[in-house]
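Asker: starting from these lines, generate the structure:
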Amino acid sequence: MTAFFSKNQAPKPRYGGQFSIELVGFIASIPEAKQAFPGIEQEAKAVSAMTNIKEREVVAAELYTKIEAFLVSNYSFKYTANSLRDEIRKKYHPERMGEGAALIFVNADMRAVALFRIFENALVFRAQQAYGRDTFVALMRDRFADQHFAAAYIKNGEMSWQETTDLLVNVPQGEQKLRAQEFFSHFNTFLMNMLRDKIQDARTQLVLQDLYRNLKREYRFLDDFPIILSIITDQNILRDERVGMLSRTELAEQSRMQTKKIEETLAELQHEKEQLVTALRDLEISQEKLRALDRAKGQFIDVVSHQFRTPLSTIRWSSELLRENFGEKIGKDGKTYLDNVRHKSMFLINILNDIFDVLSVEGEMLNLQKKPTQLWEIIEDKIRMMEAEAAQHNVKLVFEKSTNALKEVMLDQSIMQRALEILIRNAINYSHDGGQVIIKMGEEMIDNNNYVWAEISDSGIGISSEDLPKIFTKFFRASNAIQKVPDGAGLGLYIVRNIIEQHGGRVAVTSELNKGFTFRFYIPDKI
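Answerer: So this is what the prediction gives:
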């Protein structure tokens, strides 16, 4: 990594979104860009006139990446990505900013440190909202050991880019990123514990998830944004984002420097295929043992977690990166081969999650952390997370919200999200091409008790009346379901019913063969 500035060398930081204005001005001045995009100058002026600085940074970054890709593709004899970015570095000094579109042009380590700072500043703001400014400052002074690191937050409520680089002035070259990772990871743990004391664990997890996803949208032009996950030490937070993501970031960085020939890459892929075949064989054996030895739950979880999760995640993301970087060189058969590796590894990861949930349910290890919750908020969040998966199957998710305000219910938000994920994924998988999955909500009085209900319906393959009573049986899969989706363990609805019942609720299903499937669950509204 290029060393961070010393105190005598550091140029003064720049704020206020000036860099994005300079960036679009630079783009609009390139002759080939003006020729190919006649409206580029007007577009640059429109971006410069935007008053929302964050939005302007995003639009400027996306405009630059579009023009860069065009120039490199069509004028490779004159332009490269490195030459364009070097010119921008020399003219506008993006390293002074530490945020926004400027992060495209700094080195990977400096970009990681900047992202750590941006995320922690946002988390500090939430903590100050929860406690109030004065109480937050008092707690920082009393409880946080590194007062030198905490000084900026105590004084200003955030850490500036200049203060961040000052912290790393005396750190040896090549170690700045790791030291910053230690600083911000320790501070992140401190802030999370503060929030847990104030708003409990479930809401703290939701705060971090919300911050991460908002910033991810804001910095969607950065491929290595997930490096932020490395300072969030609680592995249960953002688990869907976390699976394989950090290894993907590391592999992406390595692949950019990779100089090996295609034959060597394919040899590595062959080795990974053999690992996957071995893992599949071992997992099949483990599933048979699970049916026969239902009491050996704890030992099985340890074996599965240690032996399968890490290599499967590595295999999955390695295959994706290899397809992205070498897809044009390995031909049609190679692409098919990579797709098979990816699909089978994803199937195994889902199987492992199902098995873990079954063991938790049957071993009474769910330990529900129920809090008053608006169910529609959890449903909306889960739909947003699964829209991309639905799009891959050419299926549309439709949420028909109730026109009436619904009462809060007592839920473990994380566990309920897992149940919704299973139900929505089933509806997606068994829908026809171009179909819809419709989610509805309402309230109903049953046996003198009021319930809030949610319903997930599809117009897919359905199930016969003979098989319908069996759907909550462990490992059961109807024959038409196996034909539609060959991979599966038949554990999903068994898990969902147990989750709903442990919340004091009940389930109902209706279906006809080739006429879709409707699953409704009820949660009592007693607080």
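
Asker: use CA for all of it now, contacts and neighbours both
Answerer: Will do.

Asker: domains in the chain, by residue range?
Answerer: Annotated domains of the chain cover 18-104, 108-242, 255-362, 371-524 [automatic domain parsing].

Asker: which of those domains has the lowest average pLDDT?
Answerer: Per-stretch mean pLDDT for these is lowest at domain 255-362 (a mean of 69).

Asker: the closest residue to residue 185 other than its chain neighbours and residue 222, how far apart?
Answerer: Distances taken as CA to CA, 6 or more residues apart in numbering place residue 231 nearest to residue 185, at 4.2 Å, with adjacent residues excluded. From residue 231 across to residue 222, the span is 18 Å (CA to CA, to the nearest Å).

Asker: and the host helix or strand of residue 207, what does it pack against?
Answerer: When secondary structure is defined by DSSP states H and E, residue 207 falls within helix 176-218. Here helix 176-218 touches helix 53-74, helix 108-131, going by 3 or more CA pairs under 8 Å, 6 or more residues apart in numbering; DSSP states H and E.

Asker: nearest approach to residue 400 belongs to which of the ones you listed?
Answerer: With distances scored as CA to CA, the stretch of the helices and strands packed on helix 176-218 nearest to residue 400 is helix 53-74 (29.9 Å).

Asker: how distant is the next helix-or-strand element following the closest one from the center of its chain?
Answerer: The element immediately downstream of helix 53-74 (helix or strand, assigned by DSSP H and E) is helix 81-92. Helix 81-92 sits 31 Å away from the centroid of its parent chain (CA atoms, centre = their mean, to the nearest Å).

Asker: flag every buried residue along helix 81-92.
Answerer: Buried positions in helix 81-92, judged by neighbour count with 16 or more other CA atoms under 10 Å: 84, 88, 92.

Asker: just checking, residue 127 touches residue 136?
Answerer: Yes. Taking contact to mean CA atoms under 8 Å, the distance of 7.3 Å between residue 127 and residue 136 places them in contact.

Asker: how about stretch 395-408, which residues are buried there?
Answerer: Buried residues in stretch 395-408, counted by 16+ other CA under 10 Å: 395, 396, 397, 399, 406, 407, 408.

Asker: quick revisit: how about the helices and strands packed on helix 176-218 in JSON lines, adding distance to residue 390?
Answerer: Compiled in JSON lines, the helices and strands packed on helix 176-218 are given as follows (distance: least, CA to CA, whole Å):
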{"stretch": "helix 53-74", "distance to residue 390": "25"}
{"stretch": "helix 108-131", "distance to residue 390": "29"}
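
Asker: turn those into CSV, columns for distance to residue 457 and mean neighbour count.
Answerer: Output for these, formatted as CSV (distance: least, CA to CA, whole Å; neighbours: other CA atoms under 10 Å):
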stretch, distance to residue 457, mean neighbour count
helix 53-74, 37, 18
helix 108-131, 37, 19
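
Asker: out of the ones you listed, which comes closest to residue 505?
Answerer: Shortest separation from residue 505 across those is recorded for helix 108-131, at 32.3 Å, computed as CA to CA.

Asker: which other helices and strands contact that closest one?
Answerer: Checked by 3+ CA pairs under 8 Å, 6+ apart, helix 108-131 has helix 161-167, helix 176-218 packed alongside it.

Asker: which residues are in contact with residue 117?
Answerer: Under the criterion of CA atoms under 8 Å, 6 or more residues apart in numbering, the neighbours of residue 117 are 159, 161, 164, 184.

Asker: related to what we said a few turns ago, more crowded one of residue 231 and residue 222?
Answerer: The residue with more neighbours, out of residue 231 and residue 222, is residue 231; 20 against 15, by other CA atoms under 10 Å.

Asker: so that one makes contact with residue 180?
Answerer: No. The pair formed by residue 231 and residue 180 falls short of the contact definition of CA under 8 Å, at 9.5 Å.

Asker: what touches both of those two?
Answerer: Here residue 231 and residue 180 share the contacting residues residue 116, scored by CA under 8 Å, 6+ apart.

Asker: picking that back up, most widely separated two among the contacts of residue 117?
Answerer: Checking the contacts of residue 117 with CA to CA, the most distant pair is 161 and 184, at 13.7 Å.

Asker: and residue 450, what element?
Answerer: Secondary structure (DSSP H and E) places residue 450 in strand 449-458.

Asker: paired strands for that strand, with orientation please.
Answerer: Strands flanking strand 449-458 in the sheet, each with its direction: strand 436-446 (antiparallel), strand 517-524 (antiparallel) (DSSP bridges).

Asker: tell me the most buried of the ones you listed?
Answerer: Taking mean count of other CA atoms under 10 Å as the contact definition, the stretch among the strands paired with strand 449-458 with the greatest mean neighbour count is strand 517-524, which reaches a mean of 21.

Asker: just the CA coordinates for that strand, please, in PDB.
Answerer: Output for strand 517-524, consisting of C-alpha atoms alone and laid out as PDB, is shown next (Å, rounded to 0.1, in the frame of the first residue of the first chain):
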ATOM      1  CA  PHE A 517     -50.000 -22.900  -3.700                       C
ATOM      2  CA  THR A 518     -51.100 -20.500  -0.900                       C
ATOM      3  CA  PHE A 519     -49.500 -20.500   2.500                       C
ATOM      4  CA  ARG A 520     -50.900 -18.400   5.300                       C
ATOM      5  CA  PHE A 521     -49.600 -18.100   8.900                       C
ATOM      6  CA  TYR A 522     -51.200 -16.400  11.900                       C
ATOM      7  CA  ILE A 523     -49.400 -14.600  14.800                       C
ATOM      8  CA  PRO A 524     -51.400 -13.600  17.900                       C
END
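
Asker: just say helix, strand or coil for the most centrally placed residue in the chain.
Answerer: What sits nearest the mean C-alpha location of the chain, by CA atoms, centre = their mean, is residue 241, with 2.7 Å. The assignment at residue 241 comes out as helix when based on DSSP: H, G, I helix; E, B strand; the rest coil.

Asker: for it, give its distance to residue 213.
Answerer: Look at residue 241 and residue 213: by CA to CA, they are 10 Å apart.

Asker: any shared contact partners between those two?
Answerer: Common contacts of residue 241 and residue 213, defined by CA under 8 Å, 6+ apart, are absent altogether.

Asker: which residue ranges form the strands in the chain?
Answerer: Secondary structure of the chain, counting by DSSP state E: strands at 371-373, 396-400, 409-411, 436-446, 449-458, 506-511, 517-524.

Asker: what residues does the first one touch?
Answerer: Residues from elsewhere that reach strand 371-373, judged by CA under 8 Å, 6+ apart: 408, 409, 410, 411, 412, 413, 527.
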